[in-house]
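[1] have a look at this fold, sequence not included:
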């Protein structure tokens, strides 16, 4: 391959993704996909993927927790494996592309490489991780976490779904987690590359075809609880109020202002609850959530410290009680710099417009970053919609992402690496 | 009565109010009172009041809708009747004083006047209005509205409670609304004076014993509906959002700021609802209520027009859809100026500290203002709490209000009026 090639395999990929979307709980009237870990639709989807991998000429195997691998054996057994893929599970009533695209795109890339270039030097594998979303059990990244050794595959006894079934027993019922099944943790990986839809609006609004992820943001989530005085809306003068709603509004406005000043930081109040929540009563209490994300841990810490100092000042000035409770904190995860540069060059060779960016959402890739060079390739999402039946990227956009992935994997696995 | 007298009848009044509070639906664990129109506790309460009026030496009668009157006949049949009183119904789980105090205080005043001064020139009456709160049927001021002729006593066929019972049939089942019963509408009234707890914090915070109402505020209520775009909290940069929550917060802050500038205006956002109301999703829609009150109709109109122009600007700047739906509008009701001055003088003579003020809540008095000189006397409410089992005014505070009422009624009914 002297010149990288831009495929036109959008329609073939689309048909496979449509077929994969039929493995869903019930028949969602909305056209959404609900495929939760270790359920019947999940089993059938993994079986369909195994079949698709076999047809693509890959050697197929499952590991102990149900991660599915398709392997294209390389000629040199002494060099590490290059892995691509994403997750097969979905949120409830999710879309056809989140996760699924990275698997099906990976299969398409490996199929193309095998058919066009034969045996690579490095072994190439595509993985369908069993779980990433945390939709059924109170744990996320169960698939990649087991591959990278973050999780113990036997730690699912205490993790219960809403019906009281443990992860361990659900795993066993679907044929996994059994004695003698191959271990999950891999020590042979040289790189991980994840192809994914953006799930955001940036590429679409900036009219770019490919997003190259520099880092996956760190997240902080908090509940902010304000305690004022519920009083009569008519008989309490403005200067005699301890209005929890007015206080919350001032805090939300302040959050937005500060976030706009901190480059690339996002901050959201997604949930609010006032009490008693009656039109003619001044709210005595208001509780709202904060979701704050940035790619730099120092900036995240600085921002939250500064914000909460302001929140204390606001609450004190208004005479309200304030409690801020943290309930989630993840640190930012950098992607590999030289892989990102290589993707950038590939995009140039393929004449695909591109943009460095952060991932504002979590991904399997963040589990691999500590153990091997890791990269993520994004394609545009229509209107940024995801986790919804309306999730959409065009066949051409999906195809472009696979072209980039295949070209990158070619360079990584088929070309002699300068050492 | 050369000098007005300040009674000490707090403990007697308190016992009667405690007894009246026992006529309630169920036995509220909270100590609250639930006495809805035409229910068994309501009937028993009215019967107890009739008995109390009789013991006070008053002639007792009910009108067609169940308003109860106690009459102290005057010597001159050609001069109009002077009426005092309030309502016997409550909100659900309300307090012992709202309404009840004005009736029991009126009985106490008339009893005192009869015992001390005998027959007045003007006939004095105390009324226990059957209904004011609108707690059972979708109508408020059913009692005073029938006395003043605003309502037709036979118009209750279509008004249903939550169980589907019509006001008309509930009225008949409790022995009212029947043929031959005396009409409600009065043409013989010369004045109406209502004694009431403040239900607000002003008197307590200002350390005043008596409030003299200059006007009952007009009210406007609206629903404000914002339509933005629900999007991923992590993948949507701050400058690409149509965040309905941030927009609502800016509007609420603006409301508070404008209200603080408009003297004596109160404005409240009591209820808010965001959707989807999930921590990691930017709210696509937010709906909140506005409750805006002032004693001047022009100020109310100006304020709302100005506010809504700003709301349009804010929504436009942020690219959100805005709908403002009005659902309640009442005009301010002035109380009689010369009666207010007379009350002020009475307070002076009784050495009671006092303050002119507005009523931020609606009252029966507002129905009388268009047909005869009308006044309201307030006593302090502890922490401004009302419509709650925690509603409280001390026996001494309640007694002071009755002293003012009795002195005023003495001047109005016993002294020859200059004409």
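    Structure received. None of these values were measured; they are calculated from a predicted model.
[2] quick one: residue A:257 is in a strand?
    No. The assignment for residue A:257, made by DSSP: H, G, I helix; E, B strand; the rest coil, is helix rather than a strand.
[3] that one: neighbouring residues, count only.
    Using other CB atoms under 10 Å in any protein chain shown, the number of residues around residue A:257 comes to 14. No exception for glycine: its C-beta is placed from N, CA and C like everyone else's.
[4] tell me the pLDDT of it.
    Looking at residue A:257, its pLDDT stands at 97.
[5] now residue A:384. Nearest residue, chain neighbours left out?
    Excluding its sequence neighbours, the residue lying closest to residue A:384 (CB to CB, 6 or more residues apart in numbering or on different chains) is residue A:201, at 3.4 Å.
[6] dump the residue contacts of residue A:149.
    A:184, A:185, A:371 (CB atoms under 8 Å, 6 or more residues apart in numbering or on different chains).
[7] which of these sits closest to residue B:170?
    residue A:184 (70.2 Å; CB to CB).
[8] test my guess that that closest one contacts residue A:147.
    Yes. In this structure, residue A:184 sits in contact with residue A:147. The criterion is CB atoms under 8 Å, and the distance is 5.6 Å.
[9] between these two, point out the one with more neighbours.
    Taking residue A:184 and residue A:147 together and counting by other CB under 10 Å, residue A:147 has the greater number of neighbours (28 against 22).
[10] ok, the residue in the stretch 301-419 of chain A that chain B sits nearest to to residue B:49 distance?
    Distances between the stretch 301-419 of chain A and chain B by CB to the nearest CB are smallest at residue A:360, namely 3.1 Å. Computed with CB to CB, to the nearest Å, the distance linking residue A:360 and residue B:49 is 66 Å.
[11] how about residue A:309?
    Here residue A:309 is placed at a distance of 58 Å from residue B:49 (CB to CB).
[12] looking at these two, which one has more neighbours?
    Neighbour count, other CB under 10 Å: between residue A:309 and residue B:49, residue B:49 has more, with 24 against 10.
[13] what's the overlap in contacts for residue A:184 and residue A:147?
    Contacts common to residue A:184 and residue A:147, judged by CB under 8 Å, 6+ apart, are A:63, A:67.
[14] show me what contacts the spatially most central residue of chain A?
    Among the residues of chain A, the one closest to the centroid is residue A:363, at 3.2 Å (CA atoms, centre = their mean). Applying CB under 8 Å, 6+ apart to residue A:363 gives the contacts A:86, A:132, A:194, A:196, A:216, A:376.
[15] got the buried residues for the one helix or strand residue A:60 maps to?
    Residue A:60 belongs to strand A:59-62 when elements are defined using DSSP states H and E. Neighbour counts using 16 or more other CB atoms under 10 Å in any protein chain shown place residue A:62 of strand A:59-62 among the buried residues.
[16] residue A:136 should be in a helix, yeah?
    No. Following the definition three-state DSSP, residue A:136 is coil and is not counted among the residues of a helix.
[17] contacts only, for the closest residue to it other than its chain neighbours.
    Closest residue to residue A:136 in three dimensions, ignoring its sequence neighbours and counting by CB to CB, 6+ apart: residue A:36, at 4.0 Å. With contacts taken as CB under 8 Å, 6+ apart, residue A:36 has the following neighbours: A:25, A:42, A:89, A:90, A:92, A:135, A:136.
[18] in a helix, residue A:36, correct?
    No. Counting by three-state DSSP, residue A:36 falls outside a helix, being coil.
[19] confidence score at the nearest residue to residue A:278 once chain neighbours are set aside?
    Closest residue to residue A:278 in three dimensions, ignoring its sequence neighbours and counting by CB to CB, 6+ apart: residue B:270, at 5.3 Å. In this prediction, residue B:270 carries a pLDDT score of 95.
[20] residue A:378 touches residue A:208, doesn't it?
    No. Using CB under 8 Å, residue A:378 is not in contact with residue A:208; the gap is 9.2 Å.
[21] residue A:79: neighbouring residues, count only.
    Other residues within reach of residue A:79, judged by other CB under 10 Å, total 16.
[22] wait, doesn't it sit right on residue A:190?
    Yes. Counting by CB under 8 Å, residue A:79 sits close enough to residue A:190 to count as a contact (6.8 Å).
[23] give me the common contacts of these two.
    Listed contacts common to residue A:79 and residue A:190 are residue A:122; contacts here mean CB under 8 Å, 6+ apart.
[24] which residue sits closest to residue A:88, ignoring its sequence neighbours?
    The shortest distance from residue A:88 to any non-neighbouring residue, by CB to CB, 6+ apart, is to residue A:128 (4.6 Å).
[25] before we move on, what about residue A:376?
    Counting by CB to CB, 6+ apart, residue A:376 lies nearest to residue A:213, which is 3.7 Å off, once chain neighbours are set aside.
[26] contacts for stretch A:108-125, please.
    Counting by CB under 8 Å, 6+ apart, stretch A:108-125 makes contact with A:1, A:7, A:9, A:12-13, A:16, A:56-58, A:69-77, A:79-85, A:126, A:190, A:402, A:405-406, A:409-410, A:412-416, all of which sit outside it.
[27] which members of those residues occur in strands, if any?
    Helix and strand membership here follows DSSP state E; of these, those in strands are A:69, A:70, A:71, A:72, A:81, A:82, A:83, A:84, A:85, A:126, A:190.
[28] any idea how far chain B is from the spatially closest residue to the last one that is not a sequence neighbour?
    Across the structure, with CB to CB, 6+ apart as the measure, the residue nearest residue A:190 apart from its sequence neighbours is residue A:80 (2.8 Å). Using CB to the nearest CB, to the nearest Å, we find residue A:80 at a distance of 31 Å from chain B.
[29] list the contacts for residue A:80?
    A:122, A:188, A:189, A:190, A:191, A:372.
[30] go again using 6 Å as the cut-off
    By CB atoms under 6 Å, 6 or more residues apart in numbering or on different chains, the contact set of residue A:80 is A:188, A:189, A:190.
[31] distance of it from residue A:238?
    Taken as CB to CB, the spacing of residue A:80 relative to residue A:238 amounts to 68 Å.
[32] about what we covered before: what's across from the residue nearest to residue A:88 in the sheet?
    With DSSP bridges as the criterion, residue A:128 is bridged to residue A:68, residue A:86.
[33] what's the burial count for it?
    31.
[34] list the contacts for it?
    A:49, A:68, A:88, A:103.
[35] closest one of these to residue A:317?
    Each of those was scored against residue A:317 by CB to CB, and residue A:88 proved nearest at 51.6 Å.
[36] what does the stretch 101-250 of chain A have sitting close to chain B?
    Taking CB under 6 Å from any CB of the partner chain as the criterion, the stretch 101-250 of chain A approaches chain B at residues A:199-201, A:231-236, A:238, A:240, A:245-246, A:249-250.
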